[in-house]
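# Provided below are the primary sequence and the corresponding predicted coordinates.
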Amino acid sequence: MATYTAPLRDLRFVYEELFDAEEITALEAYRDATPDLVSAIYEEGAKLCQNELFPLNRSGDEEGCHFENGNVRTPEGFRSAYAAYVDGGWGGLNCAPEFGGQGMPHSVNIALEEMLCSANLSFSTYPGLTRGVYRALRVFGSEAIKQLYLPRLVSGKWSGTMCLTEPHCGTDLGLLRTRAEPTKQDNYRITGTKIFITAGEHDLTENIVHLVLARLPDSPKGIKGISLFLVPKFMPNEQGEPGVRNSVTCASIEHKMGIKASATCVMNLQEATGWLVGQPHRGMQAMFTMMNDARLGVGMQGLGIAEIAYQAAGAYAKERLQGRSITGTKQPDKPADPLIVHPDIRRILLTMRSFTEGARALTCWVARNLDFRDKAETEEARQAADDFVQVMTPIVKAFLTDYGFEVTNMGLQVHGGHGYIRETGVEQYVRDARITQIYEGANGIQALDLVGRKMPAHTGRYLRSFFHPVQRWIEEQSTNTELQPFVLSISKAFGRLQLATGHIAQAGLRNPDEGGAAASEYLRLFGLVALGYLWARMAQISIEKQGGDDNAFYAAKIVTARFFMERVLPQTGSLFAAIMSGSSTMMEFPDETF
Amino acid sequence: MKVLVPVKRVIDANIKVRVKSDQSGVELNNVKMAMNPFCEIAVEEAIRLKEAGAAEEIVLVTAGIRQSQETLRSGLAMGADRGILIETDEALEPLAVAKLLKAVVEREEPGLVLLGKQAIDGDNNQTGQMLAGLLNWSIGSFVSKLETGDGSISVVREVDGGLEKVRLKSPAIVTVDLRLNEPRYASLPNIMKAKKKPIDMFTPEDLGVGVAPRVTVLKVVEPPARDAGVKVSSAAELVEKLRQEAKVI
């Protein structure tokens, strides 16, 4: 039977060994986040994910959501699992104590996010959207809205959605048509249709809080005329309990390739009552606050689903007996050797593993910078952390979901035909992972964000928040003989990234299509270099610590680091060549010939 | 009523136990440890007694290495009030633990001591009984149901022949069995609060108890691998084999 075992040892490694946990606990707000407490939180969160959520993953996929008379019923078991999540207080892990949260750092919260996504990606979307709404209201909501809504969102009693997409406008929100008419009661009547609304309607919570993008009368055309509104499913009464039903209703749910237990809804608003969040016509700014967090969250999904795919493939490769080792029989007492004896299977498994462990390190690195961005003492430190988050957000979103999807596919390959049929459950990981490359901004859009916005911003200041620490580390380690194989590999790849950056910056100035043509490969090159740098640092720590109590763990880290350097990072060479070749082949090809 | 719950740190029940290569014991280095599952049931029952108003305070006690504090913290996160760690690096045998617990009972004066019926590492099933003997208290072992009354505690025991109802005079010792309850998950707020709950530290010397082992372990080995079964061609052959080879009929 399939099992999920939360990678607690590795989560602790990135939190307290790869990075300095004391830099987090030195922040006044996070002084409780000591490794012992964090470890206790991870362990209990793991129990919930392993014992309650993972067993519902397959059944939720088979059953899917039900649409009945405008209501959505989640699959069997989801309600009680969600109740366990709420009773455990998990929704508030990194929310502010003033609204009932536990005030723990983002760098701790991402571990819970990863475990949720590994155990049950569909389930994770319900609390995932709530976190985004929490953050948008926290920053842009009025005091009254915050006092009323935030405690209920933090506890998980109420959930949230982001209503952006309309039938004719997905990526290009400037085309948005939903209207908001002011009333005499200081609120608005909102009318329009929204599609692809995750968790738009369901039976897990007593109320659902929609954040809706709409246009005020006489608003400027395009993206600068959009405002953000809060539209609750039930209007809170004077006691703050769900009261009158608002006219925001679910018209249908989508039938999808994956995450079938997550309700994807068409939402109709017919003069629904809403309240303005933030300034009129400044809705995109508020929405981007939410979107940036959501993009990091989707990146976590890529990692989470890759981890469970790796665990399933590793277990299968050790138990499935098929063929004999090409260097001579390894298990003569058995009818065949296990798959794990075959070099190609080991190549696949190590490719998967070097991604998941590298990605885990990367997400922790970014999450620590969210912590510094929010809580560092000096404006300078907060700015520096924000610079780093800005540049890494599209990379976490797109690189981790593209690669995460590939990893689920590799996991299926290890299972052979038994992966393609439903019984082993691993084809679900491939289907579930696929959406992560699309929603919250398709990965091509992420690449454009990196090349078009993040790269030139403040004359390269965002980029420097990554380039400088990597450059410095390479210089510092240039005389470390034991580490040379790692330092040489990463310097070479880093050099390619620097050259490609310079090339795109210049060529893009002459012809924006050059930047557009190089963007996806550039983002992947960037992601590989980031993982390579982190693998080199993980190797450094593991070389120092090997031979002690936990030798097996560090020894595995060193070999995995070598594998990444020797077998994965060289891909930066082909990416570099592709980037430097320019846009001519694709742009010169006649449209009508496609 | 104060409830004392002794708990033990053992290898996590989901981990495959490996014998050390020198056969001196089982491998504990970097193995995931957790609270003994039977102890969790005891903690859960104590919390339910407190929630029902039958207990005022729940004190956890454990004996062992310093990391055993983590085990106390996980019980505190479930809802116990405070902890006691008797710190020692010595490998503790049931009698030594019972003597340490006796000293703690004399300090704390609980109305009820709730223990797991056994720990899944040694599977000894002795500590509760020995503690009752040392204290000369009444004991209900293998308990699957528990009710507190006025000056007494009624329990249902799981015995070989079925269920046995016993009324114990307080103060009493109760060792709990698997079916008593299903332990809760610790909630996140309670995990945070547990960090601030007090843990008192003692050593066996502080309590005047000698804990030197009395049993010498010669070696620890894996159980022998099971041989493959044989297929018999007829019922008669099976009976023959049961009679002649297995000698069970």
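Cool, got the structure.
# Tell me if I'm right that A:L175 and A:H168 touch.
Yes. Using CB atoms under 8 Å, A:L175 makes contact with A:H168 at a distance of 6.0 Å. Where C-beta positions appear, they are placed from N, C-alpha and C, glycine not excepted.
# Could you pull out the helices in chain B for me?
With DSSP state H, the ranges of helices along chain B come out as B:37-51, B:68-78, B:94-108, B:127-135, B:188-194, B:235-241.
# any weak-confidence spans in the chain?
I went with chain A, as the question did not name one. Within chain A, not a single segment meets pLDDT under 70.
# Pull up the residues of it that are close to chain B.
Residues of chain A lying close to chain B (CB under 8 Å from any CB of the partner chain) are A:5, A:8-9, A:32, A:36-37, A:39-41, A:43-45, A:47-48, A:84, A:87-90, A:92-93, A:102, A:549-550, A:552-553.
# hmm, which of those are the buried ones?
A:5, A:8, A:37, A:39-41, A:43-45, A:47-48, A:84, A:88-90, A:92-93, A:102, A:553 (16 or more other CB atoms under 10 Å in any protein chain shown).
# Please go through chain A and pick out the longest strand.
strand A:264-277 (DSSP state E).
# CA atoms of that strand as PDB?
C-alpha atoms of strand A:264-277 as PDB (Å, rounded to 0.1, in the frame of the first residue of the first chain):
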ATOM      1  CA  THR A 264     -13.100  24.500  -9.600                       C
ATOM      2  CA  CYS A 265     -16.200  26.700 -10.000                       C
ATOM      3  CA  VAL A 266     -18.000  29.000 -12.300                       C
ATOM      4  CA  MET A 267     -19.300  31.800 -10.100                       C
ATOM      5  CA  ASN A 268     -22.200  34.100 -11.000                       C
ATOM      6  CA  LEU A 269     -22.500  37.400  -9.200                       C
ATOM      7  CA  GLN A 270     -25.900  39.100  -9.700                       C
ATOM      8  CA  GLU A 271     -25.900  42.400  -7.800                       C
ATOM      9  CA  ALA A 272     -24.000  40.700  -5.100                       C
ATOM     10  CA  THR A 273     -23.100  42.900  -2.100                       C
ATOM     11  CA  GLY A 274     -19.400  43.700  -1.800                       C
ATOM     12  CA  TRP A 275     -17.100  46.000   0.000                       C
ATOM     13  CA  LEU A 276     -14.100  47.800  -1.500                       C
ATOM     14  CA  VAL A 277     -10.700  46.500  -0.400                       C
END
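# ok, and for that strand, which residues are buried?
Result for strand A:264-277 [16+ other CB under 10 Å]: buried residues A:264-269, A:272-277.
# From those residues, pick the one nearest B:E222.
A:T264 (51.5 Å; CB to CB).
# For the residue of chain A found nearest chain B, grab phi and psi.
Here the residue of chain A nearest chain B is A:G89; by CB to the nearest CB that distance is 3.8 Å. Dihedral pair for A:G89: phi 70, psi 20, per degrees, to the nearest 10.
# Kindly report the same for the one 4 residues further on.
Taking degrees, to the nearest 10, you get phi -50, psi -50 for the backbone angles of A:L93.
# wait, what's in contact with it?
Contacts for A:L93 (CB atoms under 8 Å, 6 or more residues apart in numbering or on different chains) come out as A:41, A:101-102, A:104, A:108-109, A:112, B:188.
# Torsion angles phi and psi at residue 198?
Picked chain A for this. The phi/psi pair for A:T198 (degrees, to the nearest 10) reads phi -70, psi 130.
# actually it's chain B I care about, not the one you picked
Per degrees, to the nearest 10, the backbone of B:P198 is at phi -80, psi 140.
# where does it land on pLDDT?
Listed pLDDT for B:P198 reads 97.
# so which of the helices of chain B comes closest to B:M1?
Closest among the helices of chain B, using CB to CB: helix B:37-51, at 7.8 Å.
# for chain A, what spans make up the strands?
So, for chain A - with DSSP E - the strands run A:66-68, A:71-73, A:158-163, A:179-182, A:188-198, A:207-215, A:226-232, A:234-236, A:242-245, A:248-253, A:264-277.
# Centre-most residue in chain B?
Central residue of chain B (CA atoms, centre = their mean): B:G116, 3.4 Å from the mean position.
# who's that one bridged to?
B:V176 (DSSP bridges).
# List the residues that contact it.
B:G116 neighbours (CB under 8 Å, 6+ apart): B:7-8, B:36-42, B:175-176.
# let's go with 10 Å and repeat that
B:5-8, B:10, B:35-43, B:125, B:127-128, B:175-178, B:180 (CB atoms under 10 Å, 6 or more residues apart in numbering or on different chains).
# and those, which are buried?
Applying 16+ other CB under 10 Å to the contacts of B:G116 flags B:5-8, B:10, B:35-36, B:38-43, B:125, B:127-128, B:175-177, B:180 as buried.
# what about A:E476, how many residues close to it?
10 (other CB atoms under 10 Å in any protein chain shown).
# and if you look at A:Y439?
So A:Y439, with other CB under 10 Å, has 20 neighbours.
# Contacts only, for it.
Neighbouring residues of A:Y439 by CB under 10 Å, 6+ apart: A:125, A:165, A:170, A:196, A:198, A:259, A:264, A:294-295, A:298, A:301, A:397, A:401.
# Can you flag which of the residues you listed belong to helices?
A:125, A:294-295, A:298, A:301, A:397, A:401.
# Could you tell me how many residues sit around the closest residue to A:G452 other than its chain neighbours?
Sequence neighbours aside, A:G515 is the residue nearest to A:G452 in space, at 6.3 Å (criterion: CB to CB, 6 or more residues apart in numbering or on different chains). Neighbour count for A:G515, taken as other CB under 10 Å: 24.
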